[in-house]
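> Mind folding the following:
(2 chains)
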There are 2 protein chains.
Amino acid sequence: MMTVMEQMGKNAKSAAAVLSVAGDKKETALNAVADALEDNIDKIIKENDVDLKNGEEGGLTQSLLDRLRLTPERIKSMADGVRYVAASNDPVGQVISGNKLKNGLEVKKIRVPLGVIGIIFEARPNVTADAAALCLKSGNAVILRGGKEAINSNTVIAEIMRQAVEKSGLPADCIQLVADTTRQSSVELMNLSDYLDVLIPRGGAGLIKAVVENSHVPVIQTGVGNCHAYVDSDADIHMAADIIYNAKTSRPSVCNALETVLIHKDIAEKALPVIKARLDEKNVEIRGCDKTKAILGHDVVTAVEDDWEKEFLDYIIAVKVVDSMDEAIAHIRKYSSGHSEVIITKSYENANKFTSQVDSAAVYVNASTRFTDGGEFGMGAEIGISTQKLHARGPMGLNELTSMKFIICGNGQVR
Amino acid sequence: MMTVMEQMGKNAKSAAAVLSVAGDKKETALNAVADALEDNIDKIIKENDVDLKNGEEGGLTQSLLDRLRLTPERIKSMADGVRYVAASNDPVGQVISGNKLKNGLEVKKIRVPLGVIGIIFEARPNVTADAAALCLKSGNAVILRGGKEAINSNTVIAEIMRQAVEKSGLPADCIQLVADTTRQSSVELMNLSDYLDVLIPRGGAGLIKAVVENSHVPVIQTGVGNCHAYVDSDADIHMAADIIYNAKTSRPSVCNALETVLIHKDIAEKALPVIKARLDEKNVEIRGCDKTKAILGHDVVTAVEDDWEKEFLDYIIAVKVVDSMDEAIAHIRKYSSGHSEVIITKSYENANKFTSQVDSAAVYVNASTRFTDGGEFGMGAEIGISTQKLHARGPMGLNELTSMKFIICGNGQVR
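Numbering: from 1, shown residues only, chains lettered A, B, ... in the order given. Below you'll find the predicted structure:
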């Protein structure tokens, strides 16, 4: 007999076959989903309140509660996100490349859906709508497995979406949510290779690591962002302070937020007090190396090894004084999760060296790491930021949720 | 203490760092490799003879011995292949896309090497040179683990290449061959996730399956080709016979060779004898369904379930009469390895339906499946044919051996 999860996989595969040739119906369905989300704001808020109450009682941090919280504005923004995806160009059928060979064969490479996508995510209920919309628009069925913290919000959002999809004439099973939020359901998804084409974990480092190590389904790693800023010896100090302030404090709970500052020794004494003054506006805790402490004084916590490795996701930042850009690059190579890094510099040579030698998904010169985002990059909504090298790297939008196939037309050619 | 394999991984990683910024030196090194291969034809043939002798004594089939055999012509062709790769455009640094955002940020996505590539392959010693050349040109270090049948050929080829690479000023460890050909070394490679960025198995179905199921390193599946031809009710019978003859017999031991013919019932009686007459020229064994036997008579072997699933890699073909194109598509969905399929038809509608509903890497209309090849498609030399949906699908050339990164240049932008 089939398990519940296998049955979900089978249902998803059937839905995916319909979706792969659904054409315009996908746009209609997603617009209906967006309307339904707005029509049900009160209902969603009510269930979200249950999750928030449970979260407060369960001792979630303010940062995590922020990720969990839905407001009427956030739900409207979710719905707008779905409409934006609905109106995007359909990636399916797009000709990626093509040519006519000397023998007369016409070869074209076109985009096709991946098939069935599994998504394991943590306490951000907006992921439910975002991810489902992106998967559906790119012709993929999706199985969502959210965290227990958001189960009430996720359940109501998924149900609203499924009803809207079905009313629009597509199978409700284009979008499925796993009811079981225990570890067991994650393990089952990781073994669902007969039905799942790819598994995307979205969440903290622990979740991603567990999925990467244990999944038998191909995985795309997303989201862990231990991001670094390197302040070069000749940097504009106020630009450096502005970028660090923005990258650390504009939304500390997200993956493109800054976690570590590396600063050249020749500028540290002048720049660190200016940077600290900006960070003090938001009471950011600084964990510094000995040299940082010598400059900034006793309210700096001593950084330990763990502080270089960690994604704080909070108003905390690690600071290290380095002797050279090479030391900064070596530090980034050692500790970075490969998400986003920035150099603040006036030097053309150093900017080029940094961008060529730092091997992360997004490497910046003189701009905040917070821009690493599908929307900001003009790719539309994103399913996550890939920090791996296969298939997709950096923000993943609709195109990154597709595969390809070659179609070759001839009139009897043999080789 | 490090194992031998870990040490190889570490050496590869160091070599990869040099290779990633090696620019033109890669072309120089590969041309030196090609010259060295031609200068050492006798030496290579001598070692290949040892492998062939061992293979004959060990009872390898003619088909496998053909894959193993190196002749002066084949070695020259290997060297030419390396020169061709050397002269190809360097994929590293290529700007894939880019734009200037409203806020002034300049975003570009460029190709970067994957890093370190592991390749596990079976008894085709030409893979050693092909794969090493492609990896080196795309800026990746490679660890090659060939089969025991070709170990003498592989060892001499790898040593010649390493010396040529080193003489050209690049690290010899850009190319490494694993000396141990026991199962143990494959297992160690599959666990080398600290050093390997991707693992590519090249070989038979058993090898691929074992790697996909057991690897902790991301895998690209290549090569298993259970390829199908569907002969539509209105097909040009002689075109069908020519395509089937070519796809089956021009080189039966390769992955794009044809394995199964599905033929519409309305044309079977007229077409099958014509097709059989062509296949008889090469004494191809036919394993047919009952209807096929009824038409072709007693020298057709009765097909069993296993015959639909199998990649024969030999002068054997399975034949089934189907009631409709839908039945043919369903059969392909069930049994295909997702490599290459062809419809022979005069119908515009059926050609479109077949290419849109058959979900394989390469889908043909009226041409031999034997064209599924990087060189034939104008992509240059190939490392293999991907039959998976992530990262690359179909022939994988230099571009498919790269990852990407975003470089974002600003002048103080914050979000």
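> Could you verify my assumption that A:Leu105 touches A:Ile408?
Yes. Here A:Leu105 reaches A:Ile408: they are 5.6 Å apart, a contact under Cβ atoms under 8 Å. Where C-beta positions appear, they are placed from N, C-alpha and C, glycine not excepted.
> what about these two, which has more around it?
Higher neighbour count among A:Leu105 and A:Ile408: A:Ile408, with 26 against 23, using other Cβ atoms under 10 Å in any protein chain shown.
> just checking, the more buried one touches B:Val365?
Yes. The pair A:Ile408 and B:Val365 qualifies as a contact (Cβ under 8 Å) at a distance of 7.2 Å.
> From the chain's centre, how far out is stretch A:358-376? Work that out for me.
Centre-to-centre, stretch A:358-376 and its host chain are 13 Å apart (Cα atoms, centre = their mean, to the nearest Å).
> Any figure for the gap between the nearest residue to A:Asp66 once chain neighbours are set aside and chain B?
With sequence-adjacent residues excluded and distances taken as Cβ to Cβ, 6 or more residues apart in numbering or on different chains, A:Asp66 is closest to A:Ser253, at 5.7 Å. Relative to chain B, A:Ser253 is positioned 15 Å away (Cβ to the nearest Cβ, to the nearest Å).
> Which residues are in contact with A:Ser253?
The contact partners of A:Ser253, by Cβ atoms under 8 Å, 6 or more residues apart in numbering or on different chains, come to A:Ser63, A:Leu64, A:Asp66, A:Arg67, A:Leu313, A:Asp314.
> try 7 Å
Contacts for A:Ser253 were tallied using Cβ atoms under 7 Å, 6 or more residues apart in numbering or on different chains; they are A:Ser63, A:Asp66, A:Arg67, A:Leu313.
> ditto for A:Ile263
A:Val231, A:Ala271, A:Leu272, A:Val319, A:Val321, A:Val322.
> Report the beta-bridge partners for the last one.
Applying DSSP bridges to A:Val322 yields these beta-bridge partners: A:His264.
> I figured it hits A:His264, correct?
Yes. Using Cβ atoms under 7 Å, A:Val322 is in contact with A:His264, at 6.3 Å.
> Now for these two: what residues contact both?
In contact with both A:Val322 and A:His264: no residue, using Cβ under 7 Å, 6+ apart.
> Under a three-state scheme, what state does the residue nearest to A:Gln221 when sequence neighbours are not counted occupy?
The spatially closest residue to A:Gln221, leaving aside those adjacent along the chain, is A:Gln388, at 4.4 Å (Cβ to Cβ, 6+ apart). Classification of A:Gln388 by DSSP: H, G, I helix; E, B strand; the rest coil places it in coil.
> May I ask which of the contacts of A:Ser253 comes out lowest in pLDDT?
In terms of pLDDT, the lowest of the contacts of A:Ser253 is A:Ser63, showing 80.
> Next, give phi and psi for it.
Here is the backbone geometry of A:Ser63 (degrees, to the nearest 10): phi -60, psi -40.
> Is the closest residue to it other than its chain neighbours in a helix, a strand, or coil?
Residue nearest to A:Ser63 in three dimensions, not counting chain neighbours: A:Ser253, with 4.4 Å by Cβ to Cβ, 6+ apart. Each residue gets one of three states, and A:Ser253 gets coil by three-state DSSP.
> correct me, but the residue nearest to A:Gln221 touches A:Pro218?
No. Using Cβ under 7 Å, A:Gln388 is not in contact with A:Pro218, being 10.5 Å away.
> need the helices for the stretch 101-250 of chain A, in chain order.
Along the stretch 101-250 of chain A, the stretches classed as helices by DSSP state H, counting those that start in this stretch are A:126-137, A:151-167, A:183-190, A:205-214, A:237-249.
> just checking, what packs against the shortest one?
If I follow you right, that is helix A:183-190. Judged by 3 or more Cβ pairs under 7 Å, 6 or more residues apart in numbering or on different chains; DSSP states H and E, helix A:183-190 is in contact with helix A:4-19, strand A:116-121, strand A:141-145.
> Would you mind listing the buried residues in that helix?
Neighbour-count burial for helix A:183-190, counted by 16 or more other Cβ atoms under 10 Å in any protein chain shown, picks out A:Ser185, A:Ser186, A:Glu188, A:Leu189, A:Met190.
> Out of the residues you listed, flag the one nearest to chain B.
If you rank the buried residues of helix A:183-190 by distance to chain B using Cβ to the nearest Cβ, A:Met190 comes first, at 12.8 Å.
> residues contacting the closest one?
A:Leu199, A:Val211, A:Asn214, A:Ser215, A:His216, A:Val217.
> Grab the nearest non-local neighbour of the fifth one.
Leaving out its chain neighbours, the residue that sits closest to A:His216 by Cβ to Cβ, 6+ apart is A:Ser193, at 4.9 Å.
> The one you found reaches A:Val217, doesn't it?
Yes. Counting by Cβ under 7 Å, A:Ser193 touches A:Val217, with 5.0 Å between them.
> more crowded one of those two?
Neighbours were counted for A:Ser193 and for A:Val217 using other Cβ under 10 Å; A:Val217 has more, 20 against 15.
> Can you check the pLDDT for the more buried one?
For A:Val217, pLDDT reads 90.
> Then A:Leu64?
86.
> And the contacts of the helix or strand harbouring it?
Taking DSSP states H and E as the definition, one finds A:Leu64 inside helix A:62-68. Helix A:62-68 is contacted from outside by A:51-52, A:55-56, A:123-125, A:149-150, A:252-253, A:313-314, using Cβ under 7 Å, 6+ apart.
> mind redoing it with 10 Å?
A:48, A:51-52, A:54-56, A:58, A:60-61, A:122-127, A:147, A:149-150, A:153, A:203-204, A:251-254, A:312-315 (Cβ atoms under 10 Å, 6 or more residues apart in numbering or on different chains).
> Could you identify the buried members of the residues you listed?
A:48, A:51-52, A:54-55, A:60, A:122-127, A:147, A:149-150, A:153, A:203-204, A:251-254, A:312-315.
> Could I get the contacting residues of A:Val319?
The contact partners of A:Val319, taken as Cβ under 10 Å, 6+ apart, are A:229, A:231, A:244, A:260-263, A:268, A:272, A:275-276, A:279, A:286-289, A:291-293, A:295-296, A:300, A:303, A:307.
> helix, strand or coil for it?
Applying three-state DSSP: A:Val319 is strand.
> Repeat that for A:Met2.
A:Met2 ends up coil, using three-state DSSP.
> Least confident secondary structure element in chain A?
Within chain A, no helix or strand scores below helix A:205-214, which has a mean of 86 by mean pLDDT, DSSP states H and E.
> That one packs against which elements?
Packing partners of helix A:205-214 (3 or more Cβ pairs under 10 Å, 6 or more residues apart in numbering or on different chains; DSSP states H and E): strand A:116-121, helix A:183-190, strand A:198-202.
> so that helix versus strand A:116-121, what angle?
Orientation note: helix A:205-214 sits at an angle of 140 degrees relative to strand A:116-121 (axes from the mean of the first three to the mean of the last three Cα atoms, to 10 degrees).
> Please identify the buried residues of stretch A:101-112?
A:Leu105, A:Val107, A:Lys108, A:Lys109, A:Ile110, A:Arg111, A:Val112.
> so which of these are also by chain B?
When Cβ under 10 Å from any Cβ of the partner chain is applied, the members of the buried residues of stretch A:101-112 adjacent to chain B are A:Leu105, A:Val107, A:Lys108, A:Lys109, A:Ile110, A:Val112.
> Which residue is the nearest non-sequential neighbour of the third one?
Leaving aside its sequence neighbours, A:Lys108 sits nearest to A:Gly98 (Cβ to Cβ, 6+ apart; 3.5 Å).
> How about the stretch 151-300 of chain A: which residue is closest to chain B?
Closest point on the stretch 151-300 of chain A to chain B, by Cβ to the nearest Cβ, is A:Asn246, at 3.5 Å.
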